[in-house]
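Visitor: just coords:
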């Protein structure tokens, strides 16, 4: 029947468009943890801008999603495969729930000297102290001392929920040098909270926090 053919064509076009958007423009992800509270809540769905850093450079303060290629995440428990869900995730109609990605905020770019902490317990980047309004102030952040220079083609990332984030600080303290994230592992910049509806908003990169940071020496 003609109406069945028309519906099939519409569905086919929608799937192709969704796949192209997911491949070249934006990709949806699911937030499985509390490491970015209050910026992101557990179970939020977000859209990630794939142009960054593929076509545009990362900036300090941006929130990024990156692949876990260094074993930061615990081994995920084996669950029965859901073929329908896997297909919908592949074409971009459902957010990625593979739990093989992490999301953190960029604090240091290649060449940056990042230190915790100064006399006022502020993190410094290239000597400039950061006032970080995005940090979860419901708890006093535990001080985890570090003094690192970010290598080329890498970034230093931290969660906004500092007491509940196994980020660059944690992995560097476990094994020095293992806290850096390769730029090649970055999927993109988290741009928008898309779900739930009462939390829809764009994500701030807080440029004022980093405006006084000098270029690395």
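Guide: Received it, and whenever you're ready, just let me know what you need. This one's a predicted model, so the numbers in the text were calculated from it and none came from an experiment. Residues are numbered from 1 along each chain as shown.

Visitor: got a list of what residue 52 touches?
Guide: Contacts for residue 52 (Cβ atoms under 8 Å, 6 or more residues apart in numbering) come out as 58, 62, 64, 188, 189. Every residue, glycine included, has its C-beta placed from N, CA and C.

Visitor: swap the cut-off to 6 Å and go again
Guide: Counting by Cβ atoms under 6 Å, 6 or more residues apart in numbering, residue 52 touches 188, 189.

Visitor: where does the protein have low pLDDT?
Guide: Under the criterion pLDDT under 70, the flagged ranges of the chain are 1-26, 75-99.

Visitor: please enumerate the strands of it.
Guide: With DSSP state E as the definition, the chain shows strands at residue ranges 26-30, 45-49, 63-67, 101-108, 113-116, 124-125, 128-129, 146-149, 154-158, 180-182, 186-195, 201-202.

Visitor: give me the helices and strands touching the longest one, please.
Guide: Think strand 186-195. Contacting strand 186-195 under the criterion 3 or more Cβ pairs under 6 Å, 6 or more residues apart in numbering; DSSP states H and E are the following elements: strand 45-49, helix 51-54, strand 63-67.

Visitor: repeat that with 10 Å
Guide: Packing contacts for strand 186-195, counted by 3 or more Cβ pairs under 10 Å, 6 or more residues apart in numbering; DSSP states H and E, involve strand 26-30, strand 45-49, helix 51-54, strand 63-67, strand 101-108, strand 201-202.

Visitor: good, we can wrap up now.
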